[in-house]
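Novice: Give me coordinates for this.
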Amino acid sequence: MARNQQVRQYRDAWIDFDKLSIRTPAGEQRLRLKPFQVLTLLVENHGRVIPKEEFFTKLWPDVSVTDDTLTQCIADIRRAFGDDARDAKYVRTIAKVGYQFIAEPAVADKPVGRRWIASAAAAILAAISLFAYVLKSRPLPPQAPEPKTIAIMPFHNASGSSNLDWLGEGIPDMLMTTLSRPGAVSVLGRDHLHRLLIRTPTKGRVEDAIALARQVKADAVVMGSFFTAGTAIRIDAHIYSAVSGTLLGSETLHSSSPEDVLKLTDPFAWRIAALAKIRPSSQTESTPATHDLRAYRLYSLAVAYANAFRNREAIQLLQQAIQIDPEFAMAHARIGYAYAVTWNLAEQAKPHLERAYKLSHRLNPKDRLLIEAWYSIANLDYPRAIDALRKVIRLEPLEVEAYLRAGNLLRGEERMEEAAAVLQQGLAVDPSSAELHIALSGVRADQERHDQAIENAKRAAALTPTDANAFDHLGIVSQWAGRFDEAHQAYNKAAELDPKSERPPLHLGNLYFQSGRYKEAIQQFQKYIALAPSNLERGRAWGRIAWVHWKQRNYAQAEAAAKRERELVPNAVFHSIVLALHKGDRKSVEKWATEIDKYNNTSRGARTSRRYGEFFKGYIALESGDANRALDHFKKALQHRPAIWSTDSYEDCLADAYLKLGRLPEAIAEYKRVLSRHPRSALARFHLAEALKRNGETSAAATEYHQFAKTWKNADPAIPELRAALARPSPMLK
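Specialist: Predicted coordinates:
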């Protein structure tokens with residue numbers, strides 16, 4: 001469809017191609033970029049059924065997406081039209097094939113024969129008369145003012161002082177903060193823009209910046225520079241139309257010192273918005289985040305550290321910012337964010353977030369909602385956090401962090417399809433976000449969609465080839481998929497990229513444990529302890545060491561490690577309970593069992609897997625002789641998402657219980673279920689062999705013993721299960 005008209009009418013709806021909106025008698029609704037691209041493709045192919053594959057090829061050429069993404073776009077389009085899938089007037093679904101745009105244009109683009117010219121002219125005159133009458137009796141569909149989008153590029157440092165380099169990003173940050181307050185201006189987020197610039201650097205060229213702005217459908221683009229003379233600073237901003245490419249105007253800010261820049265940001269931002277022909281709904285100046293440029297610089301650096309999980313460094317910088325400006329609300333809030341969201345220390349976050357609440361007059365609406373979400377996470381109120389983040393997305397559709405955090409929270413609540421949909425919406429905004437790809441990969445891994453999980457993880461690693469976290473995550477999802485060699489390579493790459501990161505040794509230790517290399521697993525956990533940033537992490541590693549010793553029946557070492565775990569994390573009592581049950585210490589079991597439900601630390605800002613608690617409750621019941629209650633807990637455990645990042649996913653817990661209870665047919669069936677999904681689950685295979693042997697199926701048992709020994713060919717030879725398998729008199733093992 002040639003776009004020689006900016007607005008086209010179909011039935012009683014108007015499609016505005018410049019404003020990305022649909023206007024009906026019920027009102028006007030602006031679509032996000034991807035749904036509007038889907039709509040445009042449908043309209044351009046009016047009447048033709050477009051296969052799903054064509055949408056994916058044309059609109060998501062470099063992104064791995066599922067049918068859910070396209071379905072959500074179609075739902076957004078129908079909602080804007082007021083259309084019903086069951087009685088479609090605009091977009092028809094062709095089951096298992098694709099979609100078709102069926103609404104006829106209000107004025108058909110058809111050739112008119114000469115003999116019809118006179119009658120056509122008469123019809124036009126009649127239409128004009130009717131239109132004049134309608135104008136008097138019925139108003140046109142409302143044309144509400146639409147939010148505009150502006151892209152603010154990094155400013156060039158012309159001062160000659162490298163100490164001011166950070167202002168290249170800091171000035172755009174200040175302008176973004178001001179312009180996004182009223183909600184009538186959509187500002188392309190810093191992280192989103194930064195990733196685009198890495199892939200397509202503008203190098204200060206105006207034409208490249210305009211091209212990039214067009215790529216993200218921005219209405220205007222701002223470029224600028226700053227230089228100093230003594231203590232004075234001058235900032236120049238140039239505003240270009242992304243549509244025409246012409247210079248709309250320039251603005252200059254003079255300040256007697258860099259410290260005064262923040263006080264002048266609001267009026268400077270509004271003048272820029274006016275030149276860009278953006279009319280915010282309100283230009284009420286609000287108190288800036290901080291009046292001190294030094295504090296703002298520390299804050300800006302800290303946010304980057306927190307998002308890279310370098311929480312200790314982030315908190316130190318934020319504390320320095322607060323020392324400079326004790327009323328810097330977002331600095332207080334970001335300490336809470338670091339503790340509750342990117343770390344796992346929810347309780348420590350609360351006082352900092354409460355302090356930020358008391359300074360709410362220093363916050364814009366978006367930041368208030370973000371703090372509400374973080375405080376809800378600190379209080380383990382995950383549904384409320386999700387609700388706050390959804391409000392952020394409605395207020396600021398380009399806020400990629402909101403999609404990321406909402407997706408992680410939904411994953412923690414085991415609302416997997418919702419989590420995937422939110423993350424895919426985020427990727428439609430910013431396809432280059434490695435964090436969103438990692439989060440979506442985790443969701444797909446939980447759903448055991450291993451190929452998709454690994455594909456998203458590889459995409460993240462390709463986008464951030466120097467980021468250890470991306471490769472560490474690739475290792476986790478590869479290991480869960482049973483691709484141990486690939487996981488090993490990914491963990492080693494992560495450790496190579498960041499030798500000070502504690503995460504690769506932890507996950508490499510998990511891999512060694514699942515490969516039967518127990519000694520190496522303990523070595524990696526000890527390495528993790530040396531790098532760990534807090535008692536929580538150190539306690540976690542001691543718990544894993546206790547579990548490895550328990551599996552080797554080294555009970556004294558296991559008990560010592562479990563005691564150390566409990567000293568560091570008082571409510572981490574799982575391994576201590578296992579050992580107390582082994583000793584018959586019922587008093588300790590009863591005391592510690594009350595702590596199980598208190599172990600509610602967040603997992604990177606979301607609910608940790610509930611499989612842990614159900615497993616250990618089942619274990620206690622089984623060892624206490626309550627078989628029915630034990631089986632009930634184990635079945636519930638398997639209904640919850642697996643802890644794919646942990647030493648043991650407890651996937652075979654129900655099978656182990658059946659085996660212990662002598663219910664051999666049920667045990668055999670359950671082990672086979674586990675192995676059909678996870679063939680590298682070596683201990684499940686060993687126990688299947690045990691169940692088959694006890695059930696009189698000696699030939700099948702021998703096969704499973706052999707396969708187990710083959711899987712653990714590099715395992716420590718002293719492991720009890722391996723010694724038992726190798727001792728079986730079977731020609732398969734000779």
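Novice: Break down the stretch 201-350 of the chain into its strands, ranges please.
Specialist: Assigned strands in the stretch 201-350 of the chain, in chain order: 220-229, 232-241, 247-255 (criterion: DSSP state E, counting those that start in this stretch).
Novice: for these, which one sits closest to residue 527?
Specialist: Nearest to residue 527 among the strands of the stretch 201-350 of the chain is strand 220-229 (45.3 Å), distances taken as C-beta to C-beta. Placement of C-beta: from N, CA and C, glycine included.
Novice: Just the angle for that closest one relative to strand 232-241, thanks.
Specialist: The directions of strand 220-229 and strand 232-241 differ by 160 degrees, with axes from the mean of the first three to the mean of the last three C-alpha atoms, to 10 degrees as the criterion.
Novice: need the strands of the stretch 201-350 of the chain in TSV with mean pLDDT, distance to residue 609 and mean neighbour count, can you?
Specialist: Shown next, in TSV, are the strands of the stretch 201-350 of the chain (pLDDT from 0 to 100; distance: least, C-beta to C-beta, whole Å; neighbours: other C-beta atoms under 10 Å):
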stretch	mean pLDDT	distance to residue 609	mean neighbour count
strand 220-229	83	45	21
strand 232-241	84	49	20
strand 247-255	78	51	15
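Novice: Save those as a markdown table, and put in distance to residue 382 too.
Specialist: Conversion of the strands of the stretch 201-350 of the chain to a markdown table gives the following (distance: least, C-beta to C-beta, whole Å):
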| stretch | distance to residue 382 |
| --- | --- |
| strand 220-229 | 38 |
| strand 232-241 | 41 |
| strand 247-255 | 43 |
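Novice: Any idea which of those gets closest to residue 628?
Specialist: Evaluated with C-beta to C-beta, the strands of the stretch 201-350 of the chain place strand 220-229 nearest to residue 628, the distance being 66.9 Å.
Novice: Pull the closest one out as CSV, backbone CA atoms only.
Specialist: Output in CSV follows, covering the C-alpha atoms of strand 220-229 (Å, rounded to 0.1, in the frame of the first residue of the first chain):
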residue,chain,number,x,y,z
ALA,A,220,12.9,14.1,17.0
VAL,A,221,16.5,13.6,17.9
VAL,A,222,18.8,15.8,20.1
MET,A,223,22.5,16.0,19.7
GLY,A,224,24.8,18.3,21.7
SER,A,225,28.2,19.1,23.2
PHE,A,226,29.5,20.8,26.3
PHE,A,227,32.7,22.7,27.2
THR,A,228,34.1,24.6,30.1
ALA,A,229,35.9,27.9,30.7
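Novice: Give the other helices and strands that that strand contacts.
Specialist: Strand 220-229 sits against strand 148-152, strand 156-157, helix 167-179, helix 206-215, strand 232-241, with contacts defined as 3 or more C-beta pairs under 8 Å, 6 or more residues apart in numbering; DSSP states H and E.
Novice: Which other helices and strands does the second one contact?
Specialist: For strand 156-157, the packing partners by 3+ C-beta pairs under 8 Å, 6+ apart come out as helix 167-179, strand 220-229.
Novice: what residues does the last one touch?
Specialist: I take that to be strand 220-229. Residues outside strand 220-229 that contact it (C-beta atoms under 8 Å, 6 or more residues apart in numbering): 148-153, 155-161, 164, 167, 171-172, 175, 204, 206, 209-210, 212-213, 233-242, 248, 258, 272, 276-278.
Novice: Now, of those residues, which are buried?
Specialist: Buried subset of the contacts of strand 220-229 (neighbour count, 16 or more other C-beta atoms under 10 Å): 148-153, 155, 157, 159, 164, 167, 171-172, 175, 209-210, 212-213, 233, 235-242, 248, 258, 272, 276, 278.
Novice: how far is stretch 165-176 from where the chain is centred?
Specialist: Offset of stretch 165-176 from its chain centre (C-alpha atoms, centre = their mean, to the nearest Å): 25 Å.
Novice: For it, list the C-alpha coordinates in CSV.
Specialist: What follows is stretch 165-176, C-alpha atoms only, in CSV (Å, rounded to 0.1, in the frame of the first residue of the first chain):
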residue,chain,number,x,y,z
ASP,A,165,33.5,12.4,30.3
TRP,A,166,30.6,11.0,32.3
LEU,A,167,28.5,14.1,31.5
GLY,A,168,28.2,12.8,27.9
GLU,A,169,25.7,10.3,29.3
GLY,A,170,24.8,12.4,32.4
ILE,A,171,23.3,15.3,30.5
PRO,A,172,20.9,13.1,28.4
ASP,A,173,20.0,11.3,31.6
MET,A,174,19.0,14.6,33.2
LEU,A,175,17.0,15.7,30.2
MET,A,176,15.3,12.3,30.0
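Novice: need the helices for the stretch 501-650 of the chain, in chain order.
Specialist: Applying DSSP state H, counting those that start in this stretch to the stretch 501-650 of the chain gives helices spanning 503-514, 518-531, 535-552, 555-568, 574-583, 586-593, 611-623, 627-639.
Novice: Pretty sure residue 726 sits against residue 709.
Specialist: Yes - between residue 726 and residue 709 there is a contact under C-beta atoms under 8 Å: 5.9 Å.
Novice: Between these two, tell me which one has more neighbours.
Specialist: residue 709 (24 against 15; other C-beta atoms under 10 Å).
Novice: excluding its backbone neighbours, what's nearest the more buried one?
Specialist: Of all residues not flanking residue 709 in the chain, residue 725 sits nearest, at 4.8 Å (C-beta to C-beta, 6 or more residues apart in numbering).
Novice: Could you do residue 694 as well?
Specialist: Nearest to residue 694 is residue 664, by C-beta to C-beta, 6+ apart, at 5.9 Å.
Novice: so that neighbour makes contact with residue 693?
Specialist: No - using C-beta under 8 Å, residue 664 is not in contact with residue 693, being 9.8 Å away.
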